[in-house]
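Engineer: sequence unknown, structure follows:
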C-alpha cells in the first residue's frame with residue numbers, strides 16, 4: 001500500500017531554528033544529474049503523467065520532481081538551476097510536488113494570487129485542472145513569477161476500487177511549475193517621428 005502524501009516532508013525543518021528563534025528554510029533539493037544538452041522541461045500533459053505516477057503509487061520517476069512547500073517558499077529561494085532550463089526561451093523553471101495549498105498562499109514577503117483556471121482534458125475526459133498564480137509582493141505589486149498548479153479530477157480517479165489512502169492523495173497532491181519570466185524586455189514599438197517646428 002502506498003504511503004500517504006505528507007506535506008510536512010516538504011517543510012520538515014519548519015520548526016527548526018537557528019538559535020535566534022528565526023525559522024530557516026529547508027535545504028534546496030539537489031540538482032538533477034542531466035548530461036549537457038538535456039533539460040527537464042515537461043509539457044502540461046507530461047506533468048499530469050508525473051502527478052498520476054506519484055499519486056497512484058508508482059516510483060518510476062521518483063526523485064525527479066522534489067516534494068516541497070513551494071507556495072510558502074520565498075521566490076529568491078527557488079532552486080531554478082535544478083532543471084537546467086533554457087532561460088532565453090522559457091524563463092527560469094522549477095517543478096515541485098506539494099499538498100494542495102487551498103487558500104494558504106502567503107509567504108514571508110508576499111503572497112500568490114490566482115489569476116486563471118482551466119480544465120485539463122484527455123479527449124473528452126476531464127482529467128484534471130490547471131490553475132495559474134502570480135506572485136505579489138506584500139504591498140500588492142505584481143511580479144513576473146508564476147506558478148502553474150496541476151491537480152487530478154477526483155471524480156475520475158476516485159473510483160469505487162480505490163482505497164481511502166489513494167482518494168486522499170488524489171484530492172490533496174498537486175504538481176507545480178514555477179516560472180520566473182525575469183525582467184520585462186523593453187517595448188519594441190515603432191519610434192515616433194517628431195514634427196519639426
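Structural biologist: Received it, and whenever you're ready, just let me know what you need. Quantities reported herein were computed from a predicted structural model and do not represent experimental measurements. Numbering: from 1, shown residues only.

Engineer: residue 151 and residue 119 touch, don't they?
Structural biologist: No. Residue 151 sits out of contact with residue 119 when judged by C-beta atoms under 8 Å, with a separation of 11.0 Å. For every residue, glycine as well, the C-beta is placed using N, CA and C.

Engineer: the two: who's more crowded?
Structural biologist: More crowded of residue 151 and residue 119, by other C-beta atoms under 10 Å: residue 151, with 21 against 10.

Engineer: tell me which element that one falls in.
Structural biologist: strand 142-152 (DSSP states H and E).

Engineer: what's the first helix or strand after that strand?
Structural biologist: For strand 142-152, the succeeding helix or strand toward the C-terminus, using DSSP H and E, is helix 154-157.

Engineer: buried set for that following helix?
Structural biologist: Using 16 or more other C-beta atoms under 10 Å as the test for burial, helix 154-157 gives residue 157.

Engineer: taking strand 142-152 as reference, get the angle to the helix or strand following that helix.
Structural biologist: Next in sequence after helix 154-157, counting helices and strands by DSSP H and E, comes helix 164-172. Here helix 164-172 runs at an angle of 150 degrees relative to strand 142-152 (axes from the mean of the first three to the mean of the last three C-alpha atoms, to 10 degrees).

Engineer: packing partners for helix 164-172?
Structural biologist: helix 44-55, helix 154-157 (3 or more C-beta pairs under 8 Å, 6 or more residues apart in numbering; DSSP states H and E).

Engineer: and it with helix 44-55, angle?
Structural biologist: Orientation check (the same axes, to 10 degrees): helix 164-172 against helix 44-55 gives 150 degrees.

Engineer: what is in contact with residue 151 and residue 119 at once?
Structural biologist: 128-129 (C-beta atoms under 8 Å, 6 or more residues apart in numbering).

Engineer: so what pLDDT did residue 104 get?
Structural biologist: At residue 104, the model reports a pLDDT of 80.

Engineer: repeat that for the one 4 residues further on.
Structural biologist: Among the per-residue scores, residue 108 holds a pLDDT of 90.

Engineer: what do you get for residue 169?
Structural biologist: As summarised for this prediction, residue 169 has a pLDDT of 88.
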